[in-house]
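Engineer: Quick one: sequence plus predicted model below, questions after.
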Amino acid sequence: MNIYFLQNKDISSNSLLISLIGFLIIGFFLIFGRKFKLAVQLERFGLPIAVISGVVGISIGPYGLINILSKETTNVWSNFPTPLLSLVFATLMMGRPIPNINGLVRPIVNQFLLALSLGFGQFFVGGLVVKYFLSLFMETNPLMGCLIEVGFEGGHGAASIMGQSFNRLGFSDGLDLGLAMATMGLLSSSLLGSIFIFIGRTLGISDTEEIVETKDNENLNIKKGFFSDLKILLINLGFVGLAISFGVLMLTLLRNISNYFGEFSKEVILSLPVFPFILIGSLLIRYILEKTNNTEFISNILQREVGILSTDLLIFTAMASLNIAIVFENWRLIFALTIFGLSWNLICIAFFAYFVFEKNWFERSLIEFGNSTGVVASGLLLLRLADPKNISKTLPIFTSKQLFAQLILSGGFFTVLAPLMISKIGLDYWTEICALITLFVSFFAFIFNNRISASYE
């Protein structure tokens with residue numbers, strides 16, 4: 001898929017200017033709106049501002065109730081998911097210290113196995129629902145079997161990017177349905193996550209202390225003043241740009257050598273997104289800075305805020321262009337996939353929480369539920385609500401796992417591969433493959449942990 005910005009050559013200069021000004025105004029409101037007391041209280045109850053901004057985006061979009069935004073504006077914004085999601089991945093690893101995995105190898109492996117079970121299970125469940133349930137009362141497209149994983153695991157960013165692949169394969173409604181599934185996942189993550197946290201606090205499973213906004217370990221000797229702050233901002237944005245450049249360079253190199261592979265392999269490589277490579281670049285820069293003792297150049301708070309703002313803007317711009325008419329026409333499809341997708345997520349997480357995770361099972365299950373149902377930011381928010389002091393050490397486990405899992409699912413290799421495989425071998429075979437992978441990973445996790453536990457007895 002194309003990694004270049006503003007591919008549409010038919011966009012007029014006036015529409016581009018109006019769209020960019022509107023984009024900056026929305027970004028301004030998102031930055032300062034997050035500081036309001038009401039927004040902080042809503043976040044404490046598990047309702048992030050991203051959900052609210054998404055609902056507002058639907059309402060004022062060209063297909064919404066108020067129609068403040070024109071279709072020309074949202075057409076420009078349809079080019080924004082790639083650069084915005086690039087910012088999210090560029091800041092994901094750079095804004096956090098590289099975790100010390102001593103003593104955490106087994107928890108990281110288990111968290112990775114849970115992520116694989118969830119992702120491939122969503123493909124498996126999606127295939128079953130489309131083939132044996134939805135086909136009974138509506139006309140279905142085999143590519144609908146990808147929607148749970150694309151919407152739940154990938155979120156609005158992956159849904160926006162995968163919309164191009166769906167369109168090339170003849171599934172023109174894939175973009176809107178993917179965005180609708182991402183919205184349902186984000187809402188479910190926020191609402192159900194809040195309920196789980198309330199139950200956890202009531203039963204004494206999770207930390208009962210309210211979330212406290214604390215500053216990261218910043219360099220206390222940073223000078224105050226406009227020019228000093230501007231210098232810090234430019235340096236951090238420079239590192240972000242360096243991580244993105246690394247990802248673009250790696251993907252370009254891979255695409256250039258794809259000419260030496262077969263046609264199908266070349267098609268897969270050309271469909272790969274740039275985001276996993278940006279994630280590697282982000283980690284590499286952080287590693288170099290830590291090894292050279294130059295981490296004072298990185299502002300953890302600034303990196304985090306850039307990632308959060310990019311996520312909010314991504315959801316807003318994606319939801320503003322959502323065609324509500326298509327969503328209403330396919331409400332049964334969206335409802336069925338949401339119910340079955342949530343059911344699978346809860347069953348799979350419950351299995352790992354009971355049979356695989358030994359310590360801190362609540363926090364580790366909660367963050368994965370948020371990540372596999374909404375977006376990474378949702379999982380991190382739920383963890384901050386349940387474990388504000390990071391007593392469980394779930395954050396380094398999740399961050400380490402994410403580096404590997406993100407390359408495979410959530411917009412990674414298999415997310416891109418899924419629609420291509422379905423178009424080549426059919427939904428039945430793809431569903432069977434995903435079922436075997438899911439069963440194997442779950443069984444391996446069970447045996448692996450029981451053998452290790454037995455060895456310590």
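Structural biologist: Noted; the coordinates are in hand.
Engineer: Can you name the element that comes right after the helix or strand of the chain with the lowest mean pLDDT?
Structural biologist: In the chain, the helix or strand scored least confidently by mean pLDDT, DSSP states H and E is helix 37-44, which has a mean of 66. With elements assigned by DSSP states H and E, the helix or strand that comes after helix 37-44 is helix 49-60.
Engineer: Contacts for that next one next, please.
Structural biologist: 26, 30, 33-34, 39, 42-43, 64-69, 156, 183, 186-187, 190, 311-312, 315-320, 322, 324, 375, 377-378 (C-beta atoms under 8 Å, 6 or more residues apart in numbering). For the C-beta atoms, the positions are set from N, CA and C on the backbone; glycine is no exception.
Engineer: Setting aside sequence-adjacent positions, which residue approaches the residue most central in space within the chain most closely?
Structural biologist: Of all residues in the chain, the one closest to the mean position by C-alpha atoms, centre = their mean is Val375, 3.7 Å from it. Distances taken as C-beta to C-beta, 6 or more residues apart in numbering put Gly155 closest to Val375, at 3.9 Å, once the chain neighbours are dropped.
Engineer: if I read this right, that neighbour contacts Leu186, doesn't it?
Structural biologist: Yes: counting by C-beta atoms under 8 Å, Gly155 touches Leu186, with 7.2 Å between them.
Engineer: okay, and the common contacts of those two?
Structural biologist: Gly374, Val375.
Engineer: neighbour-wise, which of the two wins?
Structural biologist: Ranked by neighbour count (other C-beta atoms under 10 Å), Gly155 and Leu186 place Gly155 first, with 34 against 26.
Engineer: Which parts of the chain are strands?
Structural biologist: In the chain, no strands are defined using DSSP state E.
Engineer: give me the low-pLDDT residue ranges for it?
Structural biologist: Counting by pLDDT under 70, the chain shows low-confidence ranges at 1-15, 18, 33-48, 50, 103, 206-226, 451-457.
Engineer: what's the biggest helix by length in it packed up against?
Structural biologist: Ranked by number of residues, the top helix in the chain under DSSP state H is helix 226-257. Applying 3 or more C-beta pairs under 8 Å, 6 or more residues apart in numbering; DSSP states H and E, we find helix 226-257 packed against helix 81-94, helix 263-271, helix 275-291, helix 300-320.
Engineer: switch the cut-off to 6 Å
Structural biologist: On a contact count with 3 or more C-beta pairs under 6 Å, 6 or more residues apart in numbering; DSSP states H and E, helix 226-257 meets helix 81-94, helix 275-291.
Engineer: export those to CSV and tack on mean neighbour count and distance to Lys359?
Structural biologist: What follows is the helices and strands packed on helix 226-257, written out as CSV (neighbours: other C-beta atoms under 10 Å; distance: least, C-beta to C-beta, whole Å):
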stretch, mean neighbour count, distance to Lys359
helix 81-94, 25, 25
helix 275-291, 20, 26
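Engineer: Understood, closing this out.
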